[in-house]
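Asker: what would the 3D arrangement of this be:
(one chain, ligands or ions: 4)
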Amino acid sequence: MKTAEIRQAFLKFFESKNHQIVRSSSLVPHDDPTLLFTNAGMNQFKDCFLGAEKRPYTRATTAQKCVRAGGKHNDLENVGYTARHHTFFEMMGNFSFGDYFKQDAIAFAWEFLTSPEWLNLPVEKLLVTIYENDDEAYDIWHKQVGLPDHKIIRIGDNKGAPYASDNFWAMGDTGPCGPCTEVFYDHGEHIWGGPPGSPEEDGDRFIEIWNIVFMQFNRQSSGEMQPLPAPSVDTGMGLERISAILQGVHANYEIDLFRDLLNASAQAIGCTNEDQPSLRVVADHIRSCSFLIADGVMPSNEGRGYVLRRIIRRACRHGHKLGARGSFFHHIVAALVAEMGEAYPELKDQQAMIERVLAKEEEQFARTLEHGLQILEQDLAELKGQVIPGAVVFKLYDTYGFPVDLTGDIARERDLTLDLDGFESAMEAQRERARAASQFGIDYNELVRVDVDTDFTGYDQTTDKGQIVALLQE
Ligand code: ATP
Ligand code: MG
Ligand code: MG
Ligand code: MG
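Answerer: Numbering: from 1, shown residues only. Ligands and ions are numbered 1, 2, ... in the order given. Coordinates of the predicted model:
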């Protein structure tokens with residue numbers, strides 16, 4: 001089955017179960033300052049779960065554009081390295097707003113996945129996780145679906161903080177949340193990785209395909225869990241991951257859609273399409289960048305626009321690494337439109353604009369990329385130890401426009417790390433200078449409305465807001 005056919009099958013299945021098919025919402029969340037980009041199918045229904053909005057239907061189904069490149073769910077660092085993560089992906093979902101709950105949600109998912117009429121996946125390859133004390137979910141999987149006990153894995157609050165478990169899903173630090181049950185597919189013994197909950201789970205043998213969330217609470221900023229007006233259901237199934245299974249391949253990058261994008265990327269760069277992370281990064285990033293621009297995000301020095309700029313620059317660097325000199329990135333847009341323009345007409349309608357924006361951004365960065373890389377090489381040649389000093393990271397950032405994650409990406413390829421404290425001090429010193437030079441005591445933090453640094457991991461953790469604030473001061 002082609003990716004486009006699977007998308008249609010999902011919507012058709014849930015339509016046959018009386019769900020209203022609803023269009024994907026924009027990647028720019030409507031009126032929700034707590035969210036950087038749309039990161040799940042449920043975002044557009046947040047108020048329906050909270051009871052603040054009534055719609056003419058209580059069951060909905062969508063194919064939702066998602067970007068996870070910052071905020072609570074950030075997969076930027078994974079892209080190109082795992083078989084299953086993208087910055088942009090499509091999340092198929094079905095939703096119940098106070099209508100059905102656990103029983104139907106699990107039964108629907110199982111029917112769609114395993115019935116010969118639908119996806120017909122081999123039952124023996126599937127296993128599930130549940131929230132540790134969710135006996136109700138256990139009984140449904142065990143007694144009604146008939147899964148043996150060893151295929152139902154209980155996962156608790158294993159990360160220390162309450163409700164930090166993979167089986168307690170939350171959209172962000174506040175908002176609708178609840179325990180969940182997830183379906184995994186076993187890609188086979190020849191692939192490294194252990195079942196969920198095991199020490200080896202970070203491998204790619206067992207891949208999570210579907211998360212079924214039992215929405216029950218609204219988390220307040222104080223941490224208080226307020227019960228929702230009615231128990232609800234929110235599910236998300238990764239379209240690229242299910243395509244991989246149905247097309248008999250392991251990695252998302254081997255599916256029909258990505259094969260074409262990888263070819264187009266190799267062609268634009270002038271390299272051969274070999275299995276290499278940099279090419280996957282480029283093929284991945286053209287989707288997030290094009291879809292973000294189509295939804296009105298423009299590269300800039302603040303908030304969402306800065307995240308977009310970071311992704312574009314990262315793609316440029318990876319292209320450069322593969323031998324691209326000058327601009328190449330915007331040449332891949334046409335292949336993307338050919339793959340996805342039918343399902344997402346906004347892409348087709350705005351192709352020329354997307355190409356223009358990317359070309360301009362690439363040209364601008366190309367002027368400093370080459371030189372910045374040379375400077376970095378010189379510094380690395382003199383480096384003692386495994387840590388790139390903060391002053392170097394700052395120089396690259398300040399003079400050559402290297403976002404910190406881009407330098408971090410290069411560091412990772414060479415088993416080096418960044419001195420982020422040193423970077424922060426250099427940044428702070430610059431801020432001090434700017435403040436002293438300013439006649440007005442403006443707090444630029446006030447201007448940063450999109451809080452992009454919540455829950456960032458690694459080097460993204462502390463720097464993003466700092467970068468944005470500093471850039472605003474320029
Ligand atoms: P993972 O543990 O693999 O990172 P997740 O638990 O973060 O996934 P959810 O938030 O549960 O993902 O999202 C629902 C579904 O969306 C997942 O089961 C998966 O199929 C898909 N998905 C999540 N993140 C990505 C991504 N970065 N790229 C592609 N598909 C994804
Ligand atoms: Mg994840
Ligand atoms: Mg997960
Ligand atoms: Mg999950």
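Asker: how close does the most centrally placed residue in the chain sit to residue 388?
Answerer: The chain has residue 68 as the residue nearest its centroid, 2.2 Å off, counting by C-alpha atoms, centre = their mean. Distance of residue 68 to residue 388, given as C-beta to C-beta, to the nearest Å: 26 Å. C-beta coordinates here come from the backbone N, C-alpha and C atoms, glycine included.
Asker: check residue 288 too.
Answerer: 26 Å.
Asker: could you do residue 136 as well?
Answerer: Separation of residue 136 from residue 388 (C-beta to C-beta) stands at 51 Å.
Asker: more neighbours, the two?
Answerer: Neighbour totals were compared for residue 136 and residue 388, and residue 388 leads with 25 against 15 (other C-beta atoms under 10 Å).
Asker: that one and residue 382 touch, don't they?
Answerer: No. The criterion here is C-beta atoms under 8 Å, and residue 388 misses it with residue 382 at 11.2 Å.
Asker: what parts of the chain come near ligand 1?
Answerer: Residues of the chain lying close to ligand 1 (C-beta under 6 Å from any ligand atom) are 68, 73, 75, 84-86, 89, 91, 166, 208-211, 236-238, 240-241.
Asker: near ligand 3 too, which of those residues?
Answerer: 166, 208 (C-beta under 5 Å from the ion).
Asker: how far is stretch 301-312 from where the chain is centred?
Answerer: When C-alpha coordinates are averaged (C-alpha atoms, centre = their mean, to the nearest Å), stretch 301-312 and its chain have centres 15 Å apart.
Asker: up against ligand 3, what does the chain have?
Answerer: Residues of the chain lying near ligand 3 (C-beta under 5 Å from the ion): 166, 208.
Asker: in the stretch 151-300 of the chain, where is pLDDT below threshold?
Answerer: 157-165 (pLDDT under 70).
Asker: repeat that with 50
Answerer: Residues of the stretch 151-300 of the chain meeting the criterion pLDDT under 50: 162.
Asker: now, which of the residues of the chain next to ligand 1 lie within helices?
Answerer: 240, 241 (DSSP state H).
Asker: go ahead and build a ChimeraX selection from the buried members of the residues of the chain next to ligand 1.
Answerer: Burial among the residues of the chain next to ligand 1 is assessed by 16 or more other C-beta atoms under 10 Å; the matching ChimeraX selection reads:
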select :68,73,75,84,85,86,89,91,166,208,209,210,211,236,237,238,240,241
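Asker: tell me the bridge partners for the residue in the chain positioned nearest to ligand 1.
Answerer: Of all residues in the chain, residue 238 sits closest to ligand 1, at 2.5 Å by C-beta to the nearest ligand atom. Taking DSSP bridges as the rule, residue 238 bridges to residue 91.
Asker: I figured it hits residue 89, correct?
Answerer: Yes. Using C-beta under 8 Å, residue 238 is in contact with residue 89, at 5.9 Å.
Asker: chain center to stretch 309-325: distance?
Answerer: Offset of stretch 309-325 from its chain centre (C-alpha atoms, centre = their mean): 19 Å.
Asker: stretch 287-306 now?
Answerer: The answer for stretch 287-306 is 14 Å, by C-alpha atoms, centre = their mean.
Asker: just the strands in the protein please.
Answerer: Per DSSP state E, the chain carries strands over the ranges 20-21, 59-67, 88-96, 126-131, 152-155, 168-170, 175-186, 206-219, 225-238, 387-388, 417-418.
Asker: can you say which of the ones you listed is nearest to residue 370?
Answerer: For the strands of the chain, distance to residue 370 was read as C-beta to C-beta. The smallest value, 18.9 Å, belongs to strand 387-388.
Asker: in its sheet, what does that closest one sit against?
Answerer: In the sheet, strand 387-388 lines up with strand 417-418 (parallel) (DSSP bridges).
Asker: which outside residues touch the partner strand?
Answerer: 386, 387, 388, 390, 393, 404, 407, 408, 411, 459 (C-beta atoms under 8 Å, 6 or more residues apart in numbering).
Asker: neighbour-wise, which of those residues leads?
Answerer: residue 393 (27 neighbours).
Asker: any idea how far residue 315 is from it?
Answerer: Between residue 393 and residue 315 the computed distance is 20 Å (C-beta to C-beta).
Asker: which residues does the single nearest residue of the stretch 251-400 of the chain relative to ligand 3 contact?
Answerer: The minimum distance from the stretch 251-400 of the chain to ligand 3, using C-beta to the ion, falls at residue 252 (14.7 Å). Contact analysis of residue 252 by C-beta under 8 Å, 6+ apart lists 83, 84, 86, 238, 240, 241, 243, 244, 258.
Asker: what sits closest to the fifth one if chain neighbours are left out?
Answerer: Spelled out, it's residue 240. Leaving aside its sequence neighbours, residue 240 sits nearest to residue 252 (C-beta to C-beta, 6 or more residues apart in numbering; 4.1 Å).
Asker: quick one: the residue lying closest to residue 373 once chain neighbours are set aside from residue 409, how far?
Answerer: Closest residue to residue 373 apart from its sequence neighbours, by C-beta to C-beta, 6+ apart: residue 320 at 7.3 Å. In this view, residue 320 and residue 409 are 12 Å apart by C-beta to C-beta.
Asker: ditto for residue 136
Answerer: Relative to residue 409, and taking C-beta to C-beta, residue 136 is found at 44 Å.
Asker: about what we covered before: ok, now which ones touch the residue of the chain closest to ligand 1?
Answerer: 84, 89, 90, 91, 92, 208, 209, 210, 252.
Asker: same check on residue 229?
Answerer: 50, 51, 98.
Asker: touching, the last one and residue 58? I think so.
Answerer: In other words, residue 98. Yes. In this structure, residue 98 is within contact of residue 58 by C-beta under 8 Å, at 6.3 Å.
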